[in-house]
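S.K.: Got a predicted structure here, sequence first:
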Amino acid sequence: MSLLMAGYSPHPPLAIPDIGKDNLNEISDTVSSLEELAREVVESDPELLITISPHGTVMRESISIIDKEKAMGNFRQFGYSNIGFEMKINTHFIKQLKKNANQESFHTISLKDREGSRLDHGVMVPLYYLKEAGLKDIPIVPINMAFWDYSQLYNFGKVIKKTIEKLDVNAVVIASGDLSHKLKPGAPAGFDENAEKFDQKFTELIQNNELDKIKDIDKGLIQRAGECGHRPMVILTGILSEYKVESDLKSYEGPFGVGYAVASFKILSGGNT
């Protein structure tokens with residue numbers, strides 16, 4: 001087996017205990033679910049962690065990938081520069097991924113400069129829980145989404161899947177994203193009375209294991225939600241599209257006006273398994 005499992009993780013810095021402190025009580029379901037997801041990942045014993053984030057160097061025309069021997073990141077922008085990570089990068093996997101993407105006319109860019117190649121909180125929040133659960137010192141491949149059409153993102157996911165199987169590496173993929181940022185008055189992106197409908201549709205499709213329909217959620221509804229997690233999830237659904245998958249929506253809550261969903265996806269069969 002190459003793709004061991006996958007997950008969907010929110011990334012509020014408040015979920016880090018030293019940052020969130022008393023606020024952790026407000027997102028206890030999310031914290032418990034992140035711990036459970038992390039345990040499942042660690043138990044699958046991966047050789048490679050692939051992350052898909054909406055908060056790194058995101059471009060309109062290109063998928064960007066941190067492509068250097070090591071990458072660092074911390075929570076400095078949130079006032080906690082003492083909390084951070086340094087991770088090895090699997091540059092061999094990235095070279096093959098870029099080759100496969102180019103063959104199918106997907107444009108990718110390697111990030112190597114100091115600022116553009118830093119790990120962002122979309123990677124570091126789930127990484128915190130994985131490390132706490134005992135994740136081995138394995139390399140990662142940090143991929144940033146692009147502002148492509150959803151069908152393009154979905155098909156790029158298939159390229160990632162093809163690369164995993166070509167290199168026969170036991171991998172786990174984590175798509176990182178928060179749902180609507182407009183759930184209540186005072187929310188970070190303002191309030192929209194229809195925003196919660198996006199979250200309801202998104203989580204319902206996971207719960208019903210109808211992952212291929214996520215890319216087809218009404219674009220107007222997506223825009224009204226002010227979300228950041230739809231595109232990473234669309235890429236993930238492309239990766240999973242040729243597998244038989246068991247979806248587990250572990251929790252959903254939005255006490256601060258932003259929707260947090262946690263889910264895992266167990267590979268039952270398909271691909272080259």
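M.R.: Cool, got the structure.

S.K.: In the stretch 151-273 of the chain, what residue spans correspond to strands?
M.R.: 171-176, 243-253, 260-270 (DSSP state E, counting those that start in this stretch).

S.K.: can you tell me the helix or strand for Ala101?
M.R.: helix 91-103 (DSSP states H and E).

S.K.: Export the helix or strand following that helix to CSV, keeping only CA atoms.
M.R.: Scanning forward in sequence from helix 91-103 by DSSP H and E, the next helix or strand is strand 108-111. Taking Å, rounded to 0.1, in the frame of the first residue of the first chain, the C-alpha atoms of strand 108-111 are listed here in CSV:
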residue,chain,number,x,y,z
THR,A,108,4.3,24.2,-10.3
ILE,A,109,6.9,26.4,-8.7
SER,A,110,9.6,25.4,-6.2
LEU,A,111,9.9,27.7,-3.2
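
S.K.: And the helix or strand just after strand 108-111, how far out from the chain middle?
M.R.: Sequence-wise, the next helix or strand downstream of strand 108-111 (DSSP H and E) is helix 121-132. Centroid separation for helix 121-132 versus its chain: 11 Å, with C-alpha atoms, centre = their mean, to the nearest Å.

S.K.: Show me what the mean pLDDT comes to for the next helix or strand after helix 121-132.
M.R.: Next helix or strand after helix 121-132 toward the C-terminus (DSSP H and E): strand 140-144. Mean pLDDT, strand 140-144: 98.

S.K.: just the angle between strand 140-144 and strand 171-176, please?
M.R.: 40 degrees (axes from the mean of the first three to the mean of the last three C-alpha atoms, to 10 degrees).

S.K.: Show me what strand 140-144 is packed against.
M.R.: strand 48-53, strand 63-66, strand 80-88, helix 91-103, helix 121-132 (3 or more C-beta pairs under 8 Å, 6 or more residues apart in numbering; DSSP states H and E). All C-beta spots, glycine's among them, are computed from the backbone N, C-alpha and C.

S.K.: That strand vs strand 80-88, what angle?
M.R.: 110 degrees.

S.K.: Kindly format the C-alpha coordinates of strand 140-144 as CSV.
M.R.: Taking Å, rounded to 0.1, in the frame of the first residue of the first chain, the C-alpha atoms of strand 140-144 are listed here in CSV:
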residue,chain,number,x,y,z
ILE,A,140,7.3,16.2,4.5
VAL,A,141,6.1,17.7,1.2
PRO,A,142,4.4,21.1,1.9
ILE,A,143,2.1,21.9,-1.0
ASN,A,144,0.3,25.2,-1.3
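
S.K.: any idea how far Ala189 is from Gly220?
M.R.: From Ala189 over to Gly220 the distance is 16 Å, taken as C-beta to C-beta, to the nearest Å.
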